[in-house]
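*Asks:* what's the 3D shape of this:
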Amino acid sequence: MQYLGVAVLEGEELIWYGIKTFPGHDARSQVKQYLTSLFRKYQPTMLVVEEPFYAQSLLSDNLKKMTREIKTWAKWKGLAVRSYAPPMVKAFFCRDQKTKQSLAEAMIEQYPFLRRYLTNLPWRRRYWFHVFDAIGLGLMCVRKMRH
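*Replies:* Have a look, this model is predicted:
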């Protein structure tokens, strides 16, 4: 719950991306305020959410509750809501190795300007993987809706 990766797409065009950090104990209300500001600025019609999947996230009641609250918030705002588990996104873009690294490389292939975020520094790499995950979620949703 500390980091929230966000990507705003119009079709396959990546309009904006970023990572927001939510330190402290009041992350849930901070996340909704942040999403409301993005909603006002970009006026999306859909929100795509990553479902908790891995053991650590499944054990976090706070993360599961936050995911539900984000989906509820989006529905209240009139947004269509889609959600996918991380392995589904990786399987969609990465044939052989279904890792965070391979997903990042697939997103860089689509958006070469993102290459600067794939660094050899492990802590920076983990940080930017949140953006690659968010972009992958959105892009997969766009492509699935076309078919």
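*Asks:* A strand includes V81, no?
*Replies:* Yes. With DSSP: H, G, I helix; E, B strand; the rest coil as the criterion, V81 is assigned to a strand.
*Asks:* please, where are all the strands along the protein?
*Replies:* 3-10, 13-21, 46-50, 80-84 (DSSP state E).
*Asks:* highest average neighbour count across these?
*Replies:* Most buried of the strands of the chain, by mean neighbour count (mean count of other C-beta atoms under 10 Å): strand 46-50, with a mean of 19. Backbone N, C-alpha and C define where each C-beta goes, glycine included.
*Asks:* so, low pLDDT: which residues of this structure?
*Replies:* 1, 54-60 (pLDDT under 70).
*Asks:* tell me how far stretch 76-86 is from the chain's mean position?
*Replies:* With C-alpha atoms, centre = their mean, to the nearest Å as the basis, stretch 76-86 stands 11 Å off its chain's centre.
*Asks:* and the end-to-end length of it?
*Replies:* 25 Å (C-alpha to C-alpha, to the nearest Å).
*Asks:* and for it, what's in contact with it?
*Replies:* Applying C-beta atoms under 8 Å, 6 or more residues apart in numbering, the external contacts of stretch 76-86 come out as 39, 44-51, 53-54, 67, 71, 74-75, 133, 137, 140-141.
*Asks:* of the residues you listed, grab the buried ones for PyMOL.
*Replies:* In PyMOL, this line selects whichever of these come out buried by 16 or more other C-beta atoms under 10 Å:
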select buried, resi 39+44+47+48+49+50+67+71+74+133+137+140+141
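*Asks:* now, the contacts of stretch 76-86 that are in helices?
*Replies:* F39, T67, K71, A74, K75, D133, L137, M140, C141 (DSSP state H).
*Asks:* and the residue nearest to the first one when sequence neighbours are not counted, how far is that from G5?
*Replies:* Of all residues not flanking F39 in the chain, K77 sits nearest, at 5.8 Å (C-beta to C-beta, 6 or more residues apart in numbering). When C-beta to C-beta, to the nearest Å is applied, the distance between K77 and G5 equals 20 Å.
*Asks:* can you check V48 too?
*Replies:* 11 Å.
*Asks:* neighbours around Q30, how many?
*Replies:* Number of residues near Q30 (other C-beta atoms under 10 Å) recorded here: 17.
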